[in-house]
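Student: 3D model of this:
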Amino acid sequence: MVPGKRYAVFSIRTTKKHETIWIRAGVAYVQPDDSMNLYLDVLPIDGHLHIRETTNKQLKTNNNNAPKREEPAAAPVLAAADTSMGGH
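Tutor: Numbers count the residues shown, from 1 in each chain. Down below sits the predicted model:
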């Protein structure tokens, strides 16, 4: 294993119609001691996770297959009423 390498974590579900659904559950990173850190966005119902090497296609898209942002999101804009706590 290569330290710093990124892996995709999936929960694989089978429907009543025997269709397979891959749900992106998070990411995993290899540490210098060959252990892995998992960062999960969801927890699997059955307790099983599947870890795969991240492909270039997965790096360029998010869970909705929309292109990832190249620049950070803008800071939130506060309305005038939001900037004051009413003297509290």
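
Student: number of residues surrounding A8?
Tutor: When neighbours are defined as other Cβ atoms under 10 Å, A8 has 18 of them. C-beta: built from backbone N, CA, C; applies to glycine.

Student: let's number from 27 now, not from 1
Tutor: Okay, using 27 as the starting number, the last item reads as A34.

Student: surely it is in a strand?
Tutor: Yes - counting by DSSP: H, G, I helix; E, B strand; the rest coil, A34 is part of a strand.

Student: what helices and strands are in contact with the helix or strand hosting V53?
Tutor: Taking DSSP states H and E as the definition, V53 sits inside strand 46-56. Applying 3 or more Cβ pairs under 8 Å, 6 or more residues apart in numbering; DSSP states H and E, we find strand 46-56 packed against strand 32-40, strand 62-66.

Student: quick one: average pLDDT of the shortest one?
Tutor: When the per-residue pLDDT values of strand 62-66 are averaged, the result is 94.

Student: stretch 33-41 now?
Tutor: Taken as a whole, stretch 33-41 has an average pLDDT of 93.
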